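> Any chance you can model this:
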Amino acid sequence: MNYLAPSLGQKLERLLAFYHHRNEPELTLQAVATIVGQRIGEPVPVELFEEVRSGERTSLPVTITDALCDAFKVDRDYLRLRECCGTRAVSR
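Reported below is the predicted structural model:
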């Protein structure tokens, strides 16, 4: 049986849902943009993550996905898009 892979927006939602203590609120998208911007050394607009969350954007630049994965301490492949014969990241 084939299952649809979760979208980038769904994966972002999962990261936000699980990356906090039970009695603390989720990180805001502004906080995520700030954290990622600090990791890559340049500002990241919060609108980028808003577009991912809404499904308007289906991919992100590799530098941003890698910084996001590093910040949330998950494998970098988690946010990379898959192809039939390997793994690659695609930016819009």
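> Least confident secondary structure element in this protein?
strand 86-87 (a mean of 44; mean pLDDT, DSSP states H and E).
> can you tell me which residue is nearest the centre of this structure?
Residue closest to the average C-alpha location in the chain (C-alpha atoms, centre = their mean): residue 12, at 4.6 Å.
> Now it: which helix or strand?
helix 8-18 (DSSP states H and E).
> which residues touch residue 16?
Taking C-beta atoms under 8 Å, 6 or more residues apart in numbering, we find residue 16 in contact with 26-27, 32. For every residue, glycine as well, the C-beta is placed using N, CA and C.
> Mind giving me the PyMOL command for buried ones among those residues?
Applied in PyMOL, the following selects the buried portion of those according to 16 or more other C-beta atoms under 10 Å:
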select buried, resi 27+32
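> any chance of the contacts of residue 16 in JSON lines, with distance to residue 70 too?
Output for the contacts of residue 16, formatted as JSON lines (distance: C-beta to C-beta, whole Å):
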{"residue": "26", "distance to residue 70": "19"}
{"residue": "27", "distance to residue 70": "15"}
{"residue": "32", "distance to residue 70": "12"}
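> Mind checking which of the contacts of residue 16 are in helices?
The members of the contacts of residue 16 that map onto helices under DSSP state H are residue 32.
> would a markdown table of the contacts of residue 16 with pLDDT and distance to residue 72 be doable?
Shown next, in a markdown table, are these (pLDDT from 0 to 100; distance: C-beta to C-beta, whole Å):
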| residue | pLDDT | distance to residue 72 |
| --- | --- | --- |
| 26 | 90 | 12 |
| 27 | 92 | 9 |
| 32 | 96 | 9 |
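> if we can go back for a sec, and the helix holding residue 12, what's buried?
8-9, 11-12, 15-16.
> again with stretch 53-72
Within stretch 53-72, the residues scored as buried using 16+ other C-beta under 10 Å are 53, 57, 59-60, 63-69, 71-72.
> now, which of these lie within helices?
Reading helices off those with DSSP H, I get 53, 63-69, 71-72.
> and which of the residues you listed is nearest residue 22?
Nearest to residue 22, judged by C-beta to C-beta, of these is residue 72 at 16.8 Å.
> Please spell out the segments of the protein that come in under the pLDDT threshold.
Applying pLDDT under 70 to the chain flags the ranges 1-2, 81-92.
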